[in-house]
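Chemist: show me the folded form of this:
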Amino acid sequence: MFSLNRIQLIGYQTQPVSVRQTPQGTSVTDLNIVVPYQFKADGGDVLTGKSFHTVTLWGPMAQVAGQFVRAGAQVFIAGRLQTDSWEDEQSGEKRSKTKVVAQELILLDPKDGQGQVAAGMEDLIGALNRADIVGNVTRDPEVRTTTGGQSVLTLGVATNERWKDKASGETRDRSEFHNVVVWGELATRLAQTVRKGNRVYVTGRVQTRAWETQSGSKRTTTEVIAETVSLLGMRNPAIADVIQMDGAPMTVTPRAKTQAPTGEEPVTAGIPPIDYTPEIRVEDLPF
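Modeler: As a prediction, this is how the structure comes out:
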């Protein structure tokens, strides 16, 4: 594996699910997942909102979604980000849209329906929008300052995917280019350090925003709003004293063995045996 392109969502399906078939007979469907979010800005203000994600499911996973996922259902999705590009037939302009290609689907609602939380406890309801990216920086970072005096930096990070085509048996490659946005002090520090070609690990949330071109055409841009950005492939002084380059085995001082006092039971005697009976029964599954 040369890179990492992963996204995890816990959110709600916004509309009824419609499953369609490809000419080859493969089931496919698109979910529209909404994820509510709440976080504290640098100034201390609590910001709330919703992010929307198009999620494509293939094969048996699409069939399960068509049978069991209803409007309002809460689900867990794990997959990868994929940007599709095409040319508009009318204007001839290049268009693109980023979606999630699902690799895992977990139905989160119980069989007897969703529960309710007490008033004032809504922030405890599960929601997740997390992206993890390991890739190479495609250009030198661009940093600017907002009218409020806050630094914001944009990074291009490329990830690669390699797989074997089932029909032809050929190895295929696909590159994904991620727009990463970094705010505040981290943006300032990265601007002084990160350069094109560096390998980085990015964690954050995925956000799609809408904007208009000068001609009035509507466009959308999907970005990863970074929480952390770590440099990879760098020497770390913190572990220099435990790295040996000559291949000689490290000397480890053995610790003295401790024995239970004579006449006393060992500590493990009071631990009950492990019960391997599964907690989840087949009849409890929704399918």
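
Chemist: tell me the SS of Pro60?
Modeler: Reduced to three states with DSSP: H, G, I helix; E, B strand; the rest coil, the structure at Pro60 is helix.

Chemist: check contacts around it.
Modeler: By C-beta atoms under 8 Å, 6 or more residues apart in numbering, Pro60 lies in contact with Ser27. For the C-beta atoms, the positions are set from N, CA and C on the backbone; glycine is no exception.

Chemist: for the one 10 residues further on, same thing?
Modeler: Arg70 makes contact with 13, 16-17 under the criterion C-beta under 8 Å, 6+ apart.

Chemist: for the chain, what are the low-confidence residue spans?
Modeler: Residues of the chain that meet the criterion pLDDT under 70 lie in 1, 42-43, 247-287.

Chemist: hey, where'd the helices end up in the stretch 151-287 of the chain?
Modeler: Under the criterion DSSP state H, counting those that start in this stretch, helices of the stretch 151-287 of the chain are mapped to 184-193.

Chemist: pick the one among the contacts of Arg70 closest to Gln244.
Modeler: Closest approach between those and Gln244, by C-beta to C-beta: Gln13, at 53.7 Å.

Chemist: quick check: bridge partners of the closest one?
Modeler: Ile33 (DSSP bridges).

Chemist: what's the spacing between it and Arg80?
Modeler: To Arg80, Gln13 is 20 Å away according to C-beta to C-beta, to the nearest Å.

Chemist: do the same with Pro16
Modeler: Per C-beta to C-beta, Pro16 is found 25 Å from Arg80.

Chemist: the two: which is more packed in?
Modeler: Taking neighbours as other C-beta atoms under 10 Å, Pro16 and Arg80 compare with Arg80 leading, 18 against 9.

Chemist: wasn't that one part of a strand?
Modeler: Yes - read with three-state DSSP, Arg80 is one of the residues of a strand.

Chemist: next, the contact list for the closest residue to Thr221 other than its chain neighbours, please.
Modeler: In space, and not counting its chain neighbours, Thr221 is closest to Arg209: 5.8 Å by C-beta to C-beta, 6 or more residues apart in numbering. Arg209 is in contact with 220-221, 223, counting by C-beta under 8 Å, 6+ apart.

Chemist: name the nearest of those residues relative to Tyr37.
Modeler: Among the contacts of Arg209, Glu223 lies closest to Tyr37 (C-beta to C-beta), at 14.2 Å.

Chemist: shouldn't that closest one be in contact with Gln207?
Modeler: Yes - counting by C-beta atoms under 8 Å, Glu223 sits close enough to Gln207 to count as a contact (5.4 Å).

Chemist: burial count for the closest residue to Leu4 other than its chain neighbours?
Modeler: Among residues not flanking Leu4 along the chain, Val134 sits closest, at 3.8 Å (C-beta to C-beta, 6+ apart). Val134 is flanked by 18 other residues according to other C-beta under 10 Å.

Chemist: same check on Asp45?
Modeler: Neighbours of Asp45 using other C-beta under 10 Å come to 8.

Chemist: and what of Val206?
Modeler: 20.

Chemist: is it bridged to anything, and to what?
Modeler: Where Val206 sits in a bridge, its partners, by DSSP bridges, are Val224.

Chemist: report the contact partners of it.
Modeler: Residues in contact with Val206 (C-beta under 8 Å, 6+ apart) are 7, 51, 53, 81, 129, 131, 222-225.
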